[in-house]
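Q: What follows is a protein structure lacking sequence information:
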């Protein structure tokens, strides 16, 4: 009977993590939308959403802590709860990055629109795809899927490097729009950091699934 | 008798965390030194040090996990171990940022030296001071000291904003050194992220010390 209760609580923890992930995703997509459309209303929405992210993070953390304290779970369940705590932290930081994009957006709200040579929507979509895939890997307990997220990180790095280089070239050629180009460099960087967090989430999923074995293999590979 | 053993293990965990923090600090200071002196040898040292950081992180994480699994600690000890796991993650990411500074340095190793209008050493020293203070707060169980680290974060943000603005101005005025100036913007940004991690560590110390109370206060303050 208490074990059934425990597994219900684990299922609830998973549900809460999904809600947290949805909020963080929402923040990223709305923030990028706000940036691309220079939409003040969307900036406000992200700010409110960010509050919900912070509240969800604290509740989830507290629930995981209670589970550890009261149920003293063993082995795979313990690793799962620890993974949830770490993933929760990364989702919260994804929300922070979305807020940073909003701050960049506010800096240029009053400036005339300028066409920048970067497909921000594509970078954002790629980063979102990484978050979704990492969460799916958690739900399915699929280490291979989680591995694929870490591979995607290289592509985001490439996209970000190209964006930086192209915008830097623009700054050199047209110094008068350098403020907006600089802003674009920082937004691309924010998206890259969001992808980094997705990659961290994937790593936590792998550690949960493969347990101590992966770590020892890694340790040996480093020696 | 088992409890005495448990407290020895907790002390060992603390020692390992201190060693991890020292390695991460070392990486930051050497990476910045490498950047300021354009020193290829120091770049190599940071890379080797980073390997030690990664190994220490895995060992510490594994030790914390074993303690949770075998000792099933309650209340304050449980919170402490969870804080160590989170702090460990931030220290590892501080090492990642140091590696990023090394990559920036390698990009400009061949370029002629240019005087940039930014006191990188001062920003780096401030970020290091934040890490040291956060770790000291952990050792002393001093929530007030930890709070002071979070306050310092504003100053680092200011330093970073000023560095970005000054370097952007330089790019506009002297397009031919824009590559190096852009590099400087990214290094300043790396230092700011290192400070962010110090601030995260301080937050974890506060959560450990003040326990659930702080969280509830925070929740109420947000409503």
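A: Looks like it arrived, so ask away. All figures in this text were calculated on a predicted structure; none of them were measured in a lab.
Q: Could you list the low-confidence segments of chain A?
A: A:1-3, A:212-223 (pLDDT under 70).
Q: all helices in it, in order from the N-terminus.
A: Under the criterion DSSP state H, helices of chain A are mapped to A:2-37, A:40-71, A:75-108, A:120-140, A:143-173, A:178-210, A:212-222.
Q: For residue A:125, the count of nearby residues, please.
A: Using other C-beta atoms under 10 Å in any protein chain shown, residue A:125 has 14 other residues around it. For glycine as for every other residue, the C-beta is placed from the backbone atoms N, C-alpha and C.
Q: same deal with residue A:75?
A: Residues contacting residue A:75 under the criterion other C-beta under 10 Å number 10.
Q: need the contact list for the nearest residue to it once chain neighbours are set aside.
A: Using C-beta to C-beta, 6 or more residues apart in numbering or on different chains and skipping residues adjacent in sequence, the residue nearest residue A:75 is residue B:69, 6.8 Å away. The neighbours of residue B:69, taking C-beta atoms under 8 Å, 6 or more residues apart in numbering or on different chains as the test, are A:74, A:75, A:78.
Q: Ok, residue A:209 next?
A: With C-beta under 8 Å, 6+ apart, residue A:209 has these contacts: A:141, A:142, A:143, A:146.
Q: Tell me how far it lies from chain B.
A: According to C-beta to the nearest C-beta, to the nearest Å, residue A:209 and chain B sit 14 Å apart.
Q: Tell me how many other residues surround the nearest residue to residue A:149 once chain neighbours are set aside.
A: Nearest residue to residue A:149, sequence neighbours excluded (C-beta to C-beta, 6+ apart): residue A:202, at 3.7 Å. For residue A:202, the neighbour count with other C-beta under 10 Å is 29.
Q: Buried ones among the contacts of residue A:209?
A: Buried by 16 or more other C-beta atoms under 10 Å in any protein chain shown: A:142, A:143, A:146, out of the contacts of residue A:209.
Q: Make CSV out of those and add distance to residue B:116.
A: Formatted as CSV, the buried ones among the contacts of residue A:209 follow (distance: C-beta to C-beta, whole Å):
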residue, distance to residue B:116
A:142, 47
A:143, 45
A:146, 41
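Q: what would those look like in TSV with distance to chain B?
A: Output for the buried ones among the contacts of residue A:209, formatted as TSV (distance: C-beta to the nearest C-beta, whole Å):
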residue	distance to chain B
A:142	22
A:143	17
A:146	17
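Q: what's the burial count for residue A:151?
A: Counted with other C-beta under 10 Å, residue A:151 comes out at 10.
Q: let me redo that: residue A:111
A: Counted with other C-beta under 10 Å, residue A:111 comes out at 12.
Q: out of the helices of chain A, nearest to residue B:153?
A: Closest of these to residue B:153 is helix A:75-108, at 12.3 Å (criterion: C-beta to C-beta).
Q: looking just at contacts, which helices and strands does the closest one meet?
A: Secondary-structure packing of helix A:75-108 (3 or more C-beta pairs under 8 Å, 6 or more residues apart in numbering or on different chains; DSSP states H and E): helix A:2-37, helix A:40-71, helix A:120-140, helix A:178-210, helix B:40-71, helix B:75-108.
Q: Using JSON lines, please lay out the ones you listed together with distance to residue B:177.
A: Listed next are these as JSON lines, based on distance: least, C-beta to C-beta, whole Å:
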{"stretch": "helix A:2-37", "distance to residue B:177": "29"}
{"stretch": "helix A:40-71", "distance to residue B:177": "34"}
{"stretch": "helix A:120-140", "distance to residue B:177": "27"}
{"stretch": "helix A:178-210", "distance to residue B:177": "14"}
{"stretch": "helix B:40-71", "distance to residue B:177": "21"}
{"stretch": "helix B:75-108", "distance to residue B:177": "10"}
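Q: re the thing from before, closest one to residue B:168 among the helices of chain A?
A: Of all those, helix A:178-210 comes closest under C-beta to C-beta, at 5.3 Å.
Q: Thank you kindly, that will do.
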